[in-house]
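Got a predicted structure here, sequence first:
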Number of protein chains: 2
Amino acid sequence: MQIGDLSKRTGISIRMLRYYEEEGLLTPARRASGYRDYGKAEERIARRIRLLSEAGLKLDTIRFLLPCVLSDRPDFEPCPEVLATLRREVTGLDDKIDCLQSSRAILTGYLDRLG
Amino acid sequence: MQIGDLSKRTGISIRMLRYYEEEGLLTPARRASGYRDYGKAEERIARRIRLLSEAGLKLDTIRFLLPCVLSDRPDFEPCPEVLATLRREVTGLDDKIDCLQSSRAILTGYLDRLG
DNA sequence: CTTGACCCTCACATTGCTGTCAGACTGTAG
DNA sequence: CTACAGTCTGACAGCAATGTGAGGGTCAAG
């Protein structure tokens, strides 16, 4: 699959797909022509990267956690630092979810009182 | 209250408090000396701005919604555009909350299977 | 063989914050 | 009066993500 196809399927801009590669997150095969060639696996990775990225994880962090993030079951014991990062990010997400819910409450609160 | 005090109380950097003012979100009184003078009302506004800002709303949007966001009860009917923005931001937050929860599930999923 | 749609790399620009530093003033405590 | 901490403005810097454009190759259809 060419980059444009993957872009359309995932909604991730071509620019960002190349950027993910530049950052070492997603490394598609190359054709003889130099064209990137993405498969199903890469598509899954791309979607996952975008999900985490939209959740506010930095690409650095995602790169660091990618092995865990991709495996469905732990086939290896991650090093303590990865583990710590994992936990840190989870509590970070919890905080952020709280924050979003409070913000949501403020906005809907106003809307509700209106109707 | 001086800017440094407010900064300590809210955890918002002095830089950002001044930036909020520059962006027209928070306009404290001024002493004769030129020093900013924040009261309880401004503290509440500052906290609210930061909450929404951390939730991912842009300062532009916050400025636009600020009247609604500050009032506890609607004392006026906001114009349709404000209403639309309000609704748009709520669904945006909903999407984001979903996204964060999925991301959280990915991370905790791995951690859980580990223990 | 040409054309049009894709793709490549490289590099610069922009957005939205956020930090930091310089040079100058304020305010208080000794 | 001095010293020190706090504040003021303004400007420049950095970051992470993203857009955009130039200059040039690839490839399938006609």
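It's in. Numbers count the residues shown, from 1 in each chain, chains lettered A, B, ... in the order given.

Test for you: state the pLDDT assigned to the closest residue to DNA strand C within chain A.
Minimum separation of chain A from DNA strand C (C-beta to the nearest atom of the strand) falls at residue A:4, amounting to 2.6 Å. To be clear about C-beta, it is placed using only N, CA and C from the backbone, and glycine gets the same treatment. For residue A:4, the model assigns a pLDDT of 96.

And it, which helix or strand is it part of?
Element membership of residue A:4 [criterion: DSSP states H and E] is helix A:3-10.

can that helix be found next to chain B?
No: judged by C-beta under 8 Å from any C-beta of the partner chain, helix A:3-10 and chain B are separated, with a smallest distance of 14.3 Å.

Mind listing what's buried along stretch A:64-71?
A:64-66, A:68-69 (16 or more other C-beta atoms under 10 Å in any protein chain shown).

Tell me which of the residues you listed fall in helices.
Judged by DSSP state H, the subset of the buried residues of stretch A:64-71 located in helices is A:64-66, A:68-69.

okay, those in TSV with pLDDT and distance to DNA strand D next?
TSV is the format used below for those (pLDDT from 0 to 100; distance: C-beta to the nearest atom of the strand, whole Å):
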residue	pLDDT	distance to DNA strand D
A:64	94	12
A:65	93	13
A:66	93	13
A:68	89	18
A:69	88	14
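
Of those, which are in range of chain B?
A:65, A:68-69.

and the residue minimising distance to the centre of chain A, helix, strand or coil?
The geometric centre of chain A, computed from its C-alpha atoms, lies nearest to residue A:49 (C-alpha atoms, centre = their mean), at 2.4 Å. Classification of residue A:49 by DSSP: H, G, I helix; E, B strand; the rest coil places it in helix.

hang on, the earlier thing: ok, and what's touching the very next helix or strand once past the helix holding residue A:4?
Downstream of helix A:3-10, the first helix or strand assigned by DSSP H and E is helix A:14-22. By C-beta atoms under 8 Å, 6 or more residues apart in numbering or on different chains, the residues outside helix A:14-22 that reach it are A:3-4, A:6-7, A:26-28, A:36, A:46, A:49-50, A:59.

can you rerun that using 6 Å?
The contact list for helix A:14-22 (C-beta atoms under 6 Å, 6 or more residues apart in numbering or on different chains) reads A:3, A:7, A:26-27, A:49.

picking that back up, now distance to DNA strand C too, for the buried residues of stretch A:64-71, in TSV please.
As requested, those are arranged in TSV below (distance: C-beta to the nearest atom of the strand, whole Å):
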residue	distance to DNA strand C
A:64	21
A:65	22
A:66	21
A:68	28
A:69	24
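
would CSV of these with distance to residue B:20 be doable?
As requested, the buried residues of stretch A:64-71 are exported to CSV (distance: C-beta to C-beta, whole Å):
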residue, distance to residue B:20
A:64, 33
A:65, 34
A:66, 37
A:68, 38
A:69, 36
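
Up against DNA strand C, what does chain A have?
With C-beta under 7 Å from any atom of the strand as the criterion, chain A meets DNA strand C at residues A:2-5, A:7, A:14, A:18, A:34-36.

which one of these has the most neighbours?
Within the residues of chain A next to DNA strand C, most neighbours by other C-beta atoms under 10 Å in any protein chain shown means residue A:36, with 21 neighbours.
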